[in-house]
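Chemist: here's my sequence, what's the structure:
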Amino acid sequence: MTPKLHQNDYVYLYPLMSPTEISEEFGERAYGARSIQMIYKKLGLIPSHTKLTEIYKRSIMLAESSQEDWVEKFWNAVALEREYRKQVVWARVSETEELYS
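Modeler: Coordinates of the predicted model:
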C-alpha cells in the first residue's frame, strides 16, 4: 500500500501549490484535487489561488522597490519556497515508504 500524504502535508503546501498541482506532483500518494479542496474547506481555508493572490496584493503594498521589481522578487520567492516545501514532503514520503518496504 502506498502511503497517502498526511493532512499536515497538504496544509504545508498550501497555498504555494494548487490542489491539482499537488495531485499531479505526488500522483497516487496524494488525494485527488477535489478531495484536497475538501480538506482545505473543512479546515476553513480559502482556495489556494485566492490566498496566494491575497498574499501577493499585501506584499505589493509593502514593497520598497518598483512594482515591476517587486513582482519578479515575489514570484521568485514563491517558486523557491514551493520547491523547498515539495522537497520536504517528498523526503517524508520517501522515508515512510522505506519503512514499509
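Chemist: tell me the confidence at the residue found closest to residue 11 once you drop the neighbours it is linked to in the chain?
Modeler: The spatially closest residue to residue 11, leaving aside those adjacent along the chain, is residue 43, at 7.0 Å (Cβ to Cβ, 6 or more residues apart in numbering). In this view, the C-beta of every residue, glycine as well, is placed from N, C-alpha and C. pLDDT for residue 43: 98.
Chemist: three-state assignment of residue 45?
Modeler: Three-state call for residue 45 (DSSP: H, G, I helix; E, B strand; the rest coil): coil.
Chemist: roughly how far apart are the spatially most central residue of the chain and residue 83?
Modeler: Centroid-nearest residue in the chain, with Cα atoms, centre = their mean: residue 13, separated by 2.6 Å. Distance, residue 13 to residue 83, by Cβ to Cβ, to the nearest Å: 11 Å.
Chemist: thinking again about what came up before, burial count for the residue nearest to residue 11?
Modeler: 11 (other Cβ atoms under 10 Å).
Chemist: ok, it to residue 74 distance?
Modeler: Distance, residue 43 to residue 74, by Cβ to Cβ: 25 Å.
Chemist: tell me where this structure has helices.
Modeler: 7-13, 19-26, 33-42, 48-62, 67-100 (DSSP state H).
Chemist: and the first one, which residues are buried?
Modeler: Neighbour counts using 16 or more other Cβ atoms under 10 Å place 9, 10, 12, 13 of helix 7-13 among the buried residues.
Chemist: can you give the contact residues for that helix?
Modeler: If you take Cβ atoms under 8 Å, 6 or more residues apart in numbering as the criterion, helix 7-13 is touched by 22, 36, 39, 40, 43, 45, 85, 86, 88, 89, 92.
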